[in-house]
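Asker: Have a look; sequence and predicted model below, questions after that.
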Amino acid sequence: MAGGGGGADGEPEFQIAPMIDVLLVLLIFFMSIATTAVSRYDPSIELPVAPDANKKDDSEGELVFNVAWKGDPKVAVTTFEERTVNLDDVVPSLIARKKANPKVRVLVRSDARTPVRYISAVVEAAAKAGISDVTFATTSR
């Protein structure tokens, strides 16, 4: 009979090639998940400071809106799912998400200099979709 990987004294040898294959698959899996989780947050946004802010528990069912304030042309750019959106056009998508997951919530990430009317427009779009759980991102530094 053909035996695999046996030494001279009958003890099996450790096979490293299958272990490397599994580790590479896990590495690719975790890299792809980390990329999608990080890409939802716009790193150029300077969050407002709130010294008493609490750290959130989880981000499950979270719809992230980034509101970036462009000071030179004095306009706010709102992005959702990595693309610039008009808030009236995104309401049907929010309604569909609310039907699929009743515990869905909206996270608003905006620059500290963003006028409140642009932030309240995101809250209003969430309200039109029936989403009442709206949170705001801050930093504690």
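Answerer: Done, it's in.
Asker: Each with direction, which strands does the lengthiest strand in the chain pair with?
Answerer: For the chain, the strand with the greatest residue count under DSSP state E is strand 62-70. Within its sheet, strand 62-70 is paired with strand 75-80 (antiparallel), strand 105-110 (parallel), according to DSSP bridges.
Asker: which one of the ones you listed lies closest to Gly10?
Answerer: Ranking the strands paired with strand 62-70 by proximity to Gly10 (CB to CB) places strand 105-110 first, at 60.1 Å. Just so you know, the C-beta spots here come from the backbone N, C-alpha and C atoms, and that holds for glycine as well.
Asker: Can you list the buried residues in the closest one?
Answerer: In terms of neighbour count (16 or more other CB atoms under 10 Å), strand 105-110 has its buried residues at 105-110.
Asker: Phi, psi for the closest residue to Arg141 other than its chain neighbours please.
Answerer: Of all residues not flanking Arg141 in the chain, Val49 sits nearest, at 6.3 Å (CB to CB, 6 or more residues apart in numbering). Phi and psi for Val49, reported as degrees, to the nearest 10, are phi -90, psi 130.
Asker: so which strand or helix has Glu46?
Answerer: Assigned by DSSP states H and E, Glu46 belongs to no helix or strand.
Asker: Identify the residues contacting the longest strand of the chain?
Answerer: Outside strand 62-70, the residues that touch it by CB atoms under 8 Å, 6 or more residues apart in numbering are 40-42, 44-45, 76-80, 94, 97, 104-111, 113-115, 118-119, 122, 131.
Asker: and the angle for the helix or strand of the chain with the lowest mean pLDDT with strand 62-70?
Answerer: Across the helices and strands of the chain, mean pLDDT, DSSP states H and E gives its lowest value to helix 16-39, namely a mean of 80. Computed with axes from the mean of the first three to the mean of the last three CA atoms, to 10 degrees, the direction of helix 16-39 lies at 60 degrees from that of strand 62-70.
Asker: This completes my enquiry, with thanks.
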